[in-house]
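Participant: Sequence plus the predicted model coming up.
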Amino acid sequence: MRKNELQAPAGFRDPYDLAGMAPGTPLAVAFSGGADSVALLSLVRKYPNLLAIHVHHNIRGAEADRDADFCRRMAAALEVPYLQLSVDAPALAKARGVSLETAARDARYEVLTVALRERGIPLLLTAHHADDQLETMLQHLLRGAGTRGLAGIPACRPLGDGVFVVRPLLGVPKSALLQYLADEGLDFVTDSTNEEPCCQRNVLRLSVLPLLAELQPDAATAAARCARALAEDECYLDGLAAAFLEKEGRTPTTAALTALPAPIFARVMRRLLPSVPSAQHIADIRALLQSEKPNATLSLPDARVRCTGGRLHCLPKQEPEYTPYRIPLHKGICTGAGGHVVAFVDCVPTAEERASYAYVATLSLDPAAICGTPYLRERRAGDRILSRGMHKAVRRLAEISHLSPEVRARMPLLLDDDGVVAVPFGPTRDGMQQKTLTVTVCFQ
């Protein structure tokens, strides 16, 4: 059954609705044993195909062992199948050079993703609630975040490998969850580190949120509504940025970019660059576009931005090191060059797959005009293509003059036994009559 018999607190949202998946889709609850996760597990315990998963981080000694034992017993009492996983968070923190909190969070999601993928479970439910949302929004506000940051914790987001994190309690305040547990007579454990003012989030939880509650009793619920509205605004604005790049491609014209409103320009840059740029970096790119200097280049921490040929090119800080490669093409997905090059033959890449590569070009070919097995390889000196009755040097093709020299040098070419068949963003060889074969070439 989709709904259970229990009366859910106001603000609880059905996880299937949030994920856009059919009722009965297998799901798991990240089960810590704290008040929030106990309430969540109880609320969804009648859902079919449910699994409770507890991750032991090997951090808090006997207290962590107590939590694991409690989770096992509580899952049994609620008649929910139970799985326990373990990670060595202290060792990971040392090896990765990150804080213990960051190592624990990253490792937790890593092992959860693996466990869910192995069991064919696409939905992971976590117990983040309205107070958590308010804490997150305050943290982002203190950092000077924009709409994206102030939208707080997303109600649903991809975790990887076909797994999604879903948060049904984001609209429910902590006080309502505690009342629910009291009404149902359910016990829970408390992580003692949550009561220590050892980090910004704990200080906000212990000192700031109580003051806000005095000023506005439903502050957490109001913040949840605000976050949801901001998330909708962010989704709309980001959609406009995606539509712009769908039209302009990964090397948009400087004229089109300078005409964009500032909010859309910033989101376009987020999509083009390998990491989220700061406000100063975005301003610097704006200035670069307006400088009108030929081949002007801006160096960012993990990318180079160049204006050439009336277009903007976002290039990796260091060029990928390609060794000579040959990728035979067959129907489906063909990859090589260390994953830097992939071709989709007679199939369509997803938006996520397209976004993983800096450059995407679709070639339309005539299978009857191809000699032997077609393949992709790196561009080489002397490569020529028969176009409009003339054999033209690939490196001098006018059709790809808008691309930077770095991109032209590393773009893959499609060949057969007779030579170059097609050039991404450029021409196909003369003689292509029935263009019924589609090859989408993606490269970094």
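Facilitator: The structure has been received and is ready for your questions. Numbers count the residues shown, from 1 in each chain.

Participant: what's the closest non-adjacent residue to the residue nearest the centre of the chain?
Facilitator: With distances taken as Cα atoms, centre = their mean, Pro158 lies nearest the centre of the chain, 6.4 Å away. Distances taken as Cβ to Cβ, 6 or more residues apart in numbering put Phe164 closest to Pro158, at 5.6 Å, once the chain neighbours are dropped. Bear in mind the C-beta positions are built from the backbone N, C-alpha and C, glycine included.

Participant: which phi and psi does that neighbour have?
Facilitator: phi -120, psi 140 (degrees, to the nearest 10).

Participant: Give me the pLDDT for it.
Facilitator: We have a pLDDT of 94 for Phe164.

Participant: ok, it - how many residues close by?
Facilitator: Residues within reach of Phe164, counting by other Cβ atoms under 10 Å, total 20.

Participant: show me the contacts for it.
Facilitator: Ala19, Pro122, Leu123, Leu124, Cys156, Arg157, Pro158 (Cβ atoms under 8 Å, 6 or more residues apart in numbering).

Participant: for the fifth one, what are its contacts?
Facilitator: So that's Cys156. Contact analysis of Cys156 by Cβ under 8 Å, 6+ apart lists Leu18, Ala19, Gly20, Phe164, Val165, Val166, Arg167.

Participant: With Lys331 instead?
Facilitator: The contact partners of Lys331, by Cβ under 8 Å, 6+ apart, come to Val345, Asp346, Cys347.

Participant: Report the beta-bridge partner residues of the first one.
Facilitator: Following DSSP bridges, Val345 is listed with bridge partners Gly332, Val439.

Participant: wait, it sits on Val439?
Facilitator: Yes: judged on Cβ atoms under 8 Å, Val345 makes contact with Val439 at a distance of 5.3 Å.

Participant: Comparing these two, which residue is more hemmed in?
Facilitator: Between Val345 and Val439, counting by other Cβ under 10 Å, Val439 is the more crowded of the two (22 against 18).

Participant: which residues does the more buried one contact?
Facilitator: Val439 neighbours (Cβ under 8 Å, 6+ apart): Leu329, Ala343, Phe344, Val345, Asp346, Thr362, Leu363, Leu365, Pro374, Leu414, Ala422.

Participant: Could I get the phi/psi values of the last one?
Facilitator: In other words, Ala422. The phi/psi pair for Ala422 (degrees, to the nearest 10) reads phi -150, psi 150.

Participant: Is it in contact with Leu413, as I believe?
Facilitator: Yes: between Ala422 and Leu413 there is a contact under Cβ under 8 Å: 7.5 Å.

Participant: next SSE after the helix or strand encompassing Met137?
Facilitator: Using DSSP states H and E, Met137 sits within helix 130-142. With elements assigned by DSSP H and E, the helix or strand that comes after helix 130-142 is helix 147-150.

Participant: ok, the nearest residue to Ser364 once chain neighbours are set aside - how many residues close by?
Facilitator: Nearest residue to Ser364 in three dimensions, chain neighbours excluded: Lys435, at 3.9 Å (Cβ to Cβ, 6+ apart). Neighbour count for Lys435, taken as other Cβ under 10 Å: 13.

Participant: For Lys435, give its distance to Glu352.
Facilitator: Separation of Lys435 from Glu352 (Cβ to Cβ, to the nearest Å): 27 Å.

Participant: Same question for Pro412.
Facilitator: Using Cβ to Cβ, Pro412 is found at 21 Å from Glu352.

Participant: again, but for Ala127
Facilitator: Note on Ala127: its distance to Glu352, by Cβ to Cβ, is 27 Å.

Participant: In terms of neighbours, single out the busier of these two.
Facilitator: Applying other Cβ under 10 Å to Ala127 and Glu352 shows that Ala127 carries more neighbours, namely 24 against 8.

Participant: ok, the more buried one touching Ser37?
Facilitator: Yes: using Cβ under 8 Å, Ala127 makes contact with Ser37 at a distance of 4.3 Å.

Participant: Give the residues shared as contacts by the two.
Facilitator: Residues touching both Ala127 and Ser37 (Cβ under 8 Å, 6+ apart): Val29, Ala30.

Participant: so for stretch 217-226, what's the average pLDDT?
Facilitator: Averaging pLDDT along stretch 217-226 yields 92.

Participant: Need the residues that contact it.
Facilitator: Outside stretch 217-226, the residues that touch it by Cβ under 8 Å, 6+ apart are 11, 129-131, 133-134, 137, 150, 152, 170-171, 173-174, 209, 212-213, 216.

Participant: Give the buried subset of the residues you listed as a PyMOL selection command.
Facilitator: The buried residues among the contacts of stretch 217-226 can be selected in PyMOL (16 or more other Cβ atoms under 10 Å) with this line:
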select buried, resi 11+129+130+131+133+134+137+150+152+170+171+173+174+209+212+213
